[in-house]
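Q: I would like to see how this sequence folds:
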Amino acid sequence: MGEFGLEPERLSALNVLSLFGMADEEEDERYRIAQGSDSVPRTIAARLRRPITFGCTLEALRAHTDGSYRLVVHQNGGVQEIQADRVVLALPFTMLRRVELQVELPPRKRRAIAELGYGTNVKLIAGFQRRLWRKQKHTGLTLGDSYLLSWEASTGQPGSAGLLTNYLGGEAGAALLAKPLTVRAETFVEHLDQIFVGLAAQYTGKAARYGWPQAPFIQASYSCYLPGQYTEIAGCEAEAVGGIHFAGEHTSLSSQGYMNGACESGERAAREVLTAIR
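A: Model (predicted):
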């Protein structure tokens, strides 16, 4: 439920095969970005010639007979129309399926937009005065039936205080959002105290959580294939249609659900546009 974000019975069994049945020598999740993950898009944005406009909602995309497009965008209570020769749609399909698409799209592409599965992952992070798990010769990585998964989020950071992350998906992820943060954090700490005895006494009472299903511009965590979707739609998510290009983790077959997939797909979409206009 944590890896793909939904209950196992709702997922394609091929997801599991892709996880355990294939070895990827290039994959290594030991490293973190010192300045934080958001420093990647911030650094890229700083190099752009024009500033990014935030808080916009795409309401409609319409094709003209000359091959150009008109985008209807809602921002700050107003509506703006943008004319474009080419469009790159990087928004997740959870949001794209709400857009009025007055363009010709292959049936397979429309089905992918309308039906592609998405997880309900949620992260909860609890703070502790001391990293008791280290004293007990553990890394903080645990698996449990009641709380699913934990790992240390303060690895490599100085000081004695530490953070443990609780990562949930499926029904458990939705349940984590249904109760107050303080209640869910205390429950998480109680479960961990059974493994790292004495940890509850080190809990600072401070916790944070982020629920992607409640994020207004995502309303899900990341994409995952449902039964039948590997054979029916896999691969078409990234295919350009006319002057419309698609990017985002959901368009990546090699890194679906990861930031790598988003970066990889952005580079691909940029190459497609450059090739088309040259």
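
Q: biggest strand in this structure by residues?
A: Ranked by residue count under DSSP state E, the longest strand found in the chain is strand 203-211.

Q: what does whichever helix or strand comes after that strand contact?
A: Where DSSP states H and E defines the elements, the next helix or strand beyond strand 203-211 is strand 223-224. Here strand 223-224 makes contact (CB atoms under 8 Å, 6 or more residues apart in numbering) with 4-6, 11, 15, 92-93, 116-119, 249-250, 256-257. No exception for glycine: its C-beta is placed from N, CA and C like everyone else's.

Q: ok, back up a step: partner strands of the longest strand of the chain and their direction?
A: Sheet partners assigned to strand 203-211 using DSSP bridges are listed as strand 122-128 (antiparallel).

Q: I'd like the next helix or strand past the partner strand.
A: helix 132-135.

Q: buried residues in the longest strand of the chain?
A: Using 16 or more other CB atoms under 10 Å as the test for burial, strand 203-211 gives 203, 207, 209, 211.

Q: Wait, the last one touches residue 177, no?
A: If I follow you right, that is residue 211. Yes. With contact defined as CB atoms under 8 Å, residue 211 counts as touching residue 177 (4.5 Å).

Q: Do I have it right that residue 189 meets residue 125?
A: No. In terms of CB under 8 Å, residue 189 does not count as a neighbour of residue 125; the distance is 11.6 Å.

Q: can you name the two of the buried residues of strand 203-211 that are farthest apart?
A: Within the buried residues of strand 203-211, 203 and 211 form the most distant pair, 21.1 Å apart (CB to CB).

Q: Now find how far off-centre the lowest-mean-pLDDT helix or strand in the chain is within its chain.
A: Lowest by mean pLDDT, DSSP states H and E among the helices and strands of the chain is helix 14-20, with a mean of 77. Between the centre of helix 14-20 and the centre of its chain there are 19 Å (CA atoms, centre = their mean, to the nearest Å).

Q: what does it contact?
A: With contacts defined as CB under 8 Å, 6+ apart, helix 14-20 is touched by 3, 4, 224, 225, 230.

Q: Considering the residues you listed, which is situated nearest to residue 108?
A: Using CB to CB, those come closest to residue 108 at residue 230, 13.2 Å.

Q: quick one on the thing from earlier: now rank the contacts of helix 14-20 by neighbours and give me the top one.
A: Among the contacts of helix 14-20, residue 4 has the most neighbours (other CB atoms under 10 Å), with 28 neighbours.

Q: Provide the backbone phi and psi angles at that residue.
A: phi -110, psi -10 (degrees, to the nearest 10).

Q: shouldn't it be in contact with residue 118?
A: No. With contact defined as CB under 8 Å, residue 4 does not count as touching residue 118 (9.9 Å).

Q: CA atoms only for the longest strand of the chain, dumped as CSV, please.
A: Only the C-alpha atoms of strand 203-211 are listed here, as CSV (Å, rounded to 0.1, in the frame of the first residue of the first chain):
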residue,chain,number,x,y,z
TYR,A,203,8.7,12.4,21.5
THR,A,204,8.7,16.2,21.4
GLY,A,205,5.0,16.5,20.6
LYS,A,206,5.8,18.1,17.3
ALA,A,207,4.7,16.5,14.1
ALA,A,208,3.8,17.4,10.5
ARG,A,209,2.0,15.6,7.7
TYR,A,210,1.4,16.1,4.0
GLY,A,211,-1.5,14.5,2.3
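
Q: where are the low-confidence patches of the stretch 151-278 of the chain?
A: Along the stretch 151-278 of the chain, the model assigns pLDDT under 70 to no residue.

Q: As a check, name the ranges of all helices in it.
A: Using DSSP state H, counting those that start in this stretch, the helices assigned to the stretch 151-278 of the chain run over residues 170-178, 181-193, 229-232, 259-277.
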